[in-house]
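Student: sequence first, then the predicted structure, then my questions.
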Amino acid sequence: MDNREKGVERKIITRDDLSKWLEKIKGHFDLYAPVRSTVVNFGKIERVDKICLDFMNTFLPPKVLFFPQTEELFSYARDSEGIEVKRAEDLIKERVLFGIRPCDARALSILDMVFGGEIQDSHYIEKRRNTVLIGIGCTESLNTCFCSTFGIDPLSGEGTDIFLIDNGGYFTIKEVNTQRGRSLIDLGNTFIKTEKVDHREEAGSVTVPINIASITGNMEKVQEDFWNNTSDPCLSCGICTYVCPTCHCFDVEDEEKKNGGVRFRTWDFCMSKDFARMASGENPRISKGERYRHRYFHKFDYFPKKYAVVGCVGCGRCISYCPVNMDIRKVLERIRENIQK
Amino acid sequence: MEKKEQRVDRGTEQFSPKILVFACNWCSYAAADLAGVSRLEVPSDFRIIRVMCSARVRPEFVIYAFSRGFDGVFILGCHPGECHYSEGNYYTRRRVLLLKETLQFMGIESERFQLRWVSASEGAKFAGTMKRLIEGIRDLGPRNIDT
Amino acid sequence: MNNSIYLPHIATIKNVVEETFDTSTFTVAFDNKNIQSSFSYLPGQFVEVTVFGKGECPISITSTPVKNEYLELCVRSSGKVTDALHDLDVGGKIGIRGPYGNSFPLEEVRGKDIILISGGIGLAPLRSLLNYFLYNEDRYGKIELFYGAKTSQDLCFRREYDLWGAHENTAVHITVDKATEQWNGRVGFVTELLKEAAPSPRNRFAFVCGPPIMIKITAKILAEMGYEDSRIITTLERKMKCGVGKCMRCSIGEKLVCQDGPVFSLRELNEITDEFSR
Amino acid sequence: MIKVMLQKKLQDRVKELLQNGTVSLFIGYEQGPGFVYVSPCFVRDESGAERLVLNQFCSNNLAGYIHEYNAYNRRIGICVKGCDARALVELVKQNQITREDLFVVGVPCTGRIDISKLREEYGPKLEEIKGISETERSFLLETVRGTKEIYKEKIVFDKCLSCTHPEGFEYDILLDELKIPEFGSADPVQKRVEEMESLSTAEKNEVWCSYLSQCILCRACQKACYACYCPECIFDKAYPRWFSKISTTAQKRLYHLIRAYHLAGRCVDCGECERACPAGIPLRLLNKKIEKETKKLFNNREAGINQEGVLPLNTFDIDDPDFFL
């Protein structure tokens, strides 16, 4: 399918100019973008030429920037008079996150609902408020991508402030969605040109979507045996939850130092045996099957019931990093079959 | 993010290390007592934990101590053949040697982790050993504390 | 920026009463008088108690919100935080945030007869409720407490049974699983006690709190007696961290114990498709 | 061609085993997401045997599952390569299972393909690969764009380059003769250990810090290990707490040190930890170092080769080295 349009007027920025623009942004904001070491991850940029643009999906999702693996909640100091509690000082400087994919942008909007709402988690919300998102569309895809299942358009900048599309030699500025986005564009005015280009807008081919509507809401119909059998190869490690852009379960731990200490919150994974174990020794999810079931229910049943959105965005990270190659798509397909039975 | 914690004795301007000592109840703990009773000069930079046998010290204890920022960990036990439980210290010897090598490999100087034999009657040896070992740690300087 | 929901307020332990060998009731008050006077809660709610350096755990409030000068927390030493709490003496500083969770349906049961069934430390949240009922005696009908513990040494709030029983329209039935020499009361499980008394389900609500297995058995017995699911009310325990519905640790089905609970009617629990109903 | 026959042979044998009740569970491999991705497969009835696959991508060491499923099953059938049998030898030696509880199907192996190496050799589009066959020296990948030949040495796991099998292990069935494949190059890990040893402590620290900065404490390395079977893991223990999830370098170092040390003399070098690691940390380095030291210092043989013997830290020798005292 060639939907290459000829001679369409578009705002574009060349690759070289993009670096200059980002350099300029870096002068005003803290810039975060994908960097490659053994894996590609979002990191703070010291030098613009370190930014990795030939990535598909980062190893860790962008949630690390808003809900880090380990985050200080507060510190306390003890003296003869008592205890004083001091909230962790979060970032004040505004940040720009460059290179977020549409699936991850959706994931952030899901996390917004979790950490926002009636009771606001200020640690997350403040970081979120202070960050401008520059998205990049997916003109290519991995064979693990299945975002279209959840109605995500790999070429739409929903949830981002600015949305670019990589056209090889240059980037098209497809969307500028917010005031904050516009002010960033203003910074790059000298680099952004309006030109007639042979406009190419092709989404990467994504796996055939799964009929998710038939699954959510019907999860109860799945027999118990199914979970025990499906979870058999699972090692109960934390990879799938840690690399998941929407997983948000956390643990709270104190670290005592001399005359004070710090309380941290850390990521936690529900596949861990002691995730739900109480002090009394009672464990409501003692078997691997029950924990596995809980993970799927959280994403495809509890999320829709509570926030009216599925807690999965089809980024495919859990598929690519699973040490035993368990495939969430395959499991969903089997759940669907099981429901229909 | 490596932080170097400055622990300097105000009086002597000398680095005062944080050291943990595991001492066997039947020998070196008594030796420490003896050293004290005999009013021998012993450096004061260490904290001592009494264990029932040097083999009681699980390697995790040592690794944990290092993770909590200790500059040195010493185990003191009975001389070979004199273990109260007949052979505990032989096991310790193996474990310690292997752990020393592993620590070194992971970037923690093996000199920071030491094993010595001190019997109950060797108060002077205790004082001398501690002095020498702590001097060794002073020479190494503070450990890079992981944050 | 001191607006984090995770910040505890400093409170001081004012008094400690030993209930059993591993359970004590702590009377605590916030250091900040304004927080203390504005701290309002209802029976059934809980607070997150911080022992600094050890961590945080959810504890149900056992005092009744008629006096705002202090809070009472009945705690069994069963983990890192609760052990550390027991090590603290009068004057010790702890952190408290809350109150969290829903409360017992106080309005719904107005004018009704009530039975309270509890085992062991499960009396703690029910004590708050019982005292609330007794304080507002005119609004409620006959109140009966069925309480059981392993031995007479494991009974909590021993000093208060007579006080409760002295009220008109109130009955207190105590039983122990295993008799010791000092005990001359009833011996047997609380469920047997309940079966014998067989309070009629007419115009009556049942509140159950205790170990999970006891809740399950009691709920079954009550159902056999003819109690409707919606009239059997229980309060649950789950591992909890945040208390405000973010950490997802306390979920039973799509419900979160910290927000949608800890008080649930059996009907609500039966609707949840999770471990509990299985 | 031979491979396809073996796969059929395996399916038939498993069907038979389940039919006559010899085993109640068979652990093998099945197709994962794409031809090159293989998942462990748990077969409980004859019809499931069809799912089993056997090819050069079947690399998981399935021995890790035995401990978990042993209690619920009368007898477990398991598919092992020569190297995985080492884990079985160790599990028996460590009194975790009895040999009679297992039905061991030995499968021939000429080197297993490391997906990350394959990705480097072939490129990222691994889904194009639809089939595989092999010659003496190379693998022939059948792809949508024709057949591609890649030398074995280039894409097999490091551990395969120094393949070892246990001595005199009795398989219940052998699908084909087990041979130790020979490759032109040697396992690079030994050399890397030596390189690491030659660095100064500060440099070592630096190298590890850079590795550890990638670690996300997901503990996949531990869960994938056949030898991590403690009912209550020290890292899970709530009270006393040895390990917290606070992801500092200190915590990560503690984790990796304890994990590696607990495997002293028990590590069979199956490389599952390194394969499972999503961040690409070379964990075999640490295991190999410990193996090397136990060999050098205590004259200990590699784990899982010999069916007799005691774990090196469960014993001692009066003449153990004491130069460090």
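Tutor: Done, it's in. Everything numeric here is computed off the predicted structure, so don't read it as measured data. Residues are numbered from 1 along each chain as shown, chains lettered A, B, ... in the order given.
Student: so for chain D, which residue is the most central one in space?
Tutor: D:Cys270 (2.8 Å; C-alpha atoms, centre = their mean).
Student: on the three-state scheme, residue 128 is what?
Tutor: With no chain named, the answer covers chain A. Three-state call for A:Arg128 (DSSP: H, G, I helix; E, B strand; the rest coil): helix.
Student: oops, wrong one, chain B.
Tutor: Applying three-state DSSP: B:Gly128 is helix.
Student: remind me which residues of chain B are low pLDDT?
Tutor: B:1-13, B:145-147 (pLDDT under 70).
Student: one more time with 50
Tutor: Within chain B, the ranges that satisfy pLDDT under 50 run B:1-5, B:147.
Student: what's the answer for the stretch 1-150 of chain D, then?
Tutor: Looking at the stretch 1-150 of chain D by pLDDT under 50, you get D:1.
Student: what does the stretch 101-250 of chain D put close to chain A?
Tutor: D:124-127, D:210, D:214, D:216-220, D:222-224, D:236, D:238, D:244-248 (C-beta under 8 Å from any C-beta of the partner chain). Any C-beta I mention is one placed from the backbone N, CA and C, and that applies to glycine too.
Student: ok, 7 Å please
Tutor: Residues of the stretch 101-250 of chain D lying close to chain A by C-beta under 7 Å from any C-beta of the partner chain are D:127, D:214, D:216, D:218-220, D:223-224, D:236, D:238, D:244-247.
Student: do a quick rundown of the helices in the chain.
Tutor: In the absence of a named chain, chain A is used. Ranges of helices in chain A, per DSSP state H, are A:15-28, A:63-66, A:102-115, A:122-129, A:179-187, A:224-230, A:239-242, A:288-297, A:303-307, A:317-321, A:328-340.
Student: should've been chain D
Tutor: Here chain D has its helices, by DSSP H, at D:2-19, D:63-70, D:84-93, D:115-122, D:152-155, D:158-161, D:188-198, D:201-212, D:220-223, D:249-262, D:272-276, D:284-298.
Student: residue of chain B closest to chain D, please.
Tutor: B:Gly107 (3.0 Å; C-beta to the nearest C-beta).
Student: what helix or strand does that residue sit in?
Tutor: Counting by DSSP states H and E, no helix or strand carries B:Gly107.
Student: out of the helices of chain A, which gets nearest to A:Ala279?
Tutor: helix A:288-297 (19.0 Å; C-beta to C-beta).
Student: what angle do the closest one and helix A:328-340 make?
Tutor: 100 degrees (axes from the mean of the first three to the mean of the last three C-alpha atoms, to 10 degrees).
Student: do helix A:288-297 and chain C meet?
Tutor: Yes - applying C-beta under 7 Å from any C-beta, one finds helix A:288-297 touching chain C at A:Glu290.
Student: returning to that earlier point: could I get the helices of chain A as JSON lines with mean pLDDT?
Tutor: Formatted as JSON lines, the helices of chain A follow (pLDDT from 0 to 100):
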{"stretch": "helix A:15-28", "mean pLDDT": "87"}
{"stretch": "helix A:63-66", "mean pLDDT": "90"}
{"stretch": "helix A:102-115", "mean pLDDT": "91"}
{"stretch": "helix A:122-129", "mean pLDDT": "87"}
{"stretch": "helix A:179-187", "mean pLDDT": "86"}
{"stretch": "helix A:224-230", "mean pLDDT": "86"}
{"stretch": "helix A:239-242", "mean pLDDT": "92"}
{"stretch": "helix A:288-297", "mean pLDDT": "88"}
{"stretch": "helix A:303-307", "mean pLDDT": "87"}
{"stretch": "helix A:317-321", "mean pLDDT": "91"}
{"stretch": "helix A:328-340", "mean pLDDT": "88"}
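Student: now those helices as TSV including distance to chain D and mean neighbour count?
Tutor: Formatted as TSV, the helices of chain A follow (distance: least, C-beta to the nearest C-beta, whole Å; neighbours: other C-beta atoms under 10 Å in any protein chain shown):
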stretch	distance to chain D	mean neighbour count
helix A:15-28	21	16
helix A:63-66	9	21
helix A:102-115	17	22
helix A:122-129	16	18
helix A:179-187	30	15
helix A:224-230	7	16
helix A:239-242	5	24
helix A:288-297	8	22
helix A:303-307	22	17
helix A:317-321	4	23
helix A:328-340	7	17
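Student: quick one: which of those helices is nearest B:Ile63?
Tutor: Among these, the nearest to B:Ile63 by C-beta to C-beta is helix A:239-242 (23.6 Å).
Student: near chain C at all, that closest one?
Tutor: No - judged by C-beta under 7 Å from any C-beta, helix A:239-242 makes no contact with chain C; its nearest approach is 10.8 Å.
Student: may I have that helix exported as PDB, CA atoms only?
Tutor: Provided in PDB are the C-alpha atoms of helix A:239-242 (Å, rounded to 0.1, in the frame of the first residue of the first chain):
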ATOM      1  CA  ILE A 239      10.900  -8.500  34.000                       C
ATOM      2  CA  CYS A 240       7.400  -8.200  32.500                       C
ATOM      3  CA  THR A 241       6.200  -5.800  35.200                       C
ATOM      4  CA  TYR A 242       9.300  -3.700  35.400                       C
END
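Student: any chance you could list what contacts it?
Tutor: The contact list for helix A:239-242, computed with C-beta atoms under 7 Å, 6 or more residues apart in numbering or on different chains, reads A:247, A:267, A:269-271, A:318, A:321-323, D:216, D:218, D:220, D:278.
Student: before we move on, what about stretch B:62-78?
Tutor: Contacts for stretch B:62-78 (C-beta under 7 Å, 6+ apart): B:17-24, B:26-28, B:54, B:57, B:84, B:89, B:92, B:96, B:99, B:108, B:112-119, B:133, B:137, B:142-143, B:145, D:242, D:250-251, D:253-254, D:257-258.
Student: just the ones of these in strands?
Tutor: B:19-24, B:113-117, B:145 (DSSP state E).
Student: low-scoring stretches of the stretch 101-250 of chain C, by residue?
Tutor: For the stretch 101-250 of chain C, no range has pLDDT under 50.
Student: about what we covered before: to A:Gly82, which of the helices of chain A lies closest?
Tutor: helix A:122-129 (24.6 Å).
Student: what is the closest one packed up against?
Tutor: helix A:63-66, helix A:102-115 (3 or more C-beta pairs under 7 Å, 6 or more residues apart in numbering or on different chains; DSSP states H and E).
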